[in-house]
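*Asks:* Let me see the structure of the following:
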Amino acid sequence: MKIYRYKLSSRLWVVLIVFFLASCQNETKNKSSNVAPKPKVKPVEKIFSYIKDDYIIQQDTIRKFDTFGEIMNKYHLPYADIYKITNKIKDSFDIKKIKLGKAYMILSQKDSLDSLSLPKVFIYQHNPIDYTIIDLQDSIEVRKIKKPVKLVRKKAKVVIENSLYQDIADNNLSPKLAMELSNIYAWTVDFFHLNKGDRFKAIYDDKYIDDSIYTGV
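*Replies:* Numbering: from 1, shown residues only. Below is the predicted model of the structure:
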C-alpha cells in the first residue's frame, strides 16, 4: 500500500494563518458586541464633606441688622434650639462677629417629613479660602476649613509709561500685583514718582482655589 505525503506550500500556509486570524477577530468582535455597555456613573458632587443631592441649598449674604439667631429663625429653626446652639458653639465661633456682606450657605434636609425643612448645616465664608462650618445635626460641631490653594508661578516685565497701576493693567496683570509691590517696597521705592522708561521685573505666585478662581498674589 502506498502512502502519499503532500507538502503544503509556504504561500498556502500564509493563507491559512491569515484566515485563522481573521476568524478569531470576527469571533472577538461578535463577543464584544454582545456585552452590554457599562452605565456611566455620575460623579458625586459635594459641598465640603456634604453630598449636594442630599440637601436643599440656600445661599445669601449677611444683611444690615442680621444676627445669627435671626438668620436661623428665618429658616424656621425654633428659638429654643438656637439658644442651645449658641451656647454650645460660643467658645468656637463668635456669632457676634459675623460681618455685613459676608456670604453664607444653609443646607436643609431634602427628605424631611416635616412641612418645613430645618437647617442642618450653616456655612459662613470669611473669605474665598477660610470657612466656618456649624453642623447642627445630632451633636453640634464647629469646623474651621481652608480651601486648598494652588500656586502658579508668574513672571512680569513692565516698562513705566504712565503709572505703576496703569502700566500693570495695560500689561494684563492683576491690580493686586501693584498693591503687593507698593506694600512690600513702600519704604524703599516711591511708586508715585516713577519716571517714564523706568522698568522692573517681578517673579510672583498667583493664588487659585478650585483650580480656576483667582484669589490674589
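*Asks:* and the closest residue in space to residue 216 that isn't next to it in sequence, how many neighbours?
*Replies:* For residue 216, ignoring the flanking residues on the chain, the nearest one in space by CB to CB, 6 or more residues apart in numbering is residue 176 at 4.8 Å. (Each C-beta comes from the backbone N, C-alpha and C, glycine too.) For residue 176, the neighbour count with other CB atoms under 10 Å is 16.
*Asks:* Quick one: low-confidence residue ranges for this protein.
*Replies:* 1-39, 111-116 (pLDDT under 70).
*Asks:* Please, where are all the helices along it?
*Replies:* Listed in chain order, the helices of the chain (DSSP state H) span 10-33, 68-74, 79-89, 164-170, 175-184.
*Asks:* Test my guess that residue 208 contacts residue 150.
*Replies:* Yes. Residue 208 is within contact range of residue 150, at 4.5 Å (criterion: CB atoms under 8 Å).
*Asks:* quick revisit: now the residue nearest to residue 216: how far from residue 149?
*Replies:* As judged by CB to CB, to the nearest Å, residue 176 and residue 149 stand 14 Å apart.
*Asks:* which residues of this protein fall in strands?
*Replies:* For the chain, the strands defined by DSSP state E occupy 46-47, 50-51, 55-61, 103-109, 119-125, 130-135, 141-146, 149-159, 199-209, 213-216.
*Asks:* quick one: which of those is nearest residue 84?
*Replies:* Of all those, strand 130-135 sits nearest to residue 84, with 12.4 Å by CB to CB.
*Asks:* Give me the buried positions along the closest one.
*Replies:* Using 16 or more other CB atoms under 10 Å as the test for burial, strand 130-135 gives 131, 132, 133, 134, 135.
*Asks:* Just the closest of those residues to residue 202, please.
*Replies:* Using CB to CB, residue 131 comes nearest to residue 202 of those, at 30.7 Å.
*Asks:* do you know which of the strands of the chain lies nearest residue 94?
*Replies:* Closest to residue 94 of the strands of the chain, according to CB to CB: strand 130-135, at 10.0 Å.
*Asks:* Which neighbouring elements make contact with that closest one?
*Replies:* Applying 3 or more CB pairs under 8 Å, 6 or more residues apart in numbering; DSSP states H and E, we find strand 130-135 packed against strand 119-125, strand 141-146.
*Asks:* any idea how far the residue nearest to residue 130 when sequence neighbours are not counted lies from residue 126?
*Replies:* Closest residue in space to residue 130, ignoring its immediate chain neighbours: residue 146 at 5.8 Å, by CB to CB, 6+ apart. Going from residue 146 to residue 126 by CB to CB gives 10 Å.
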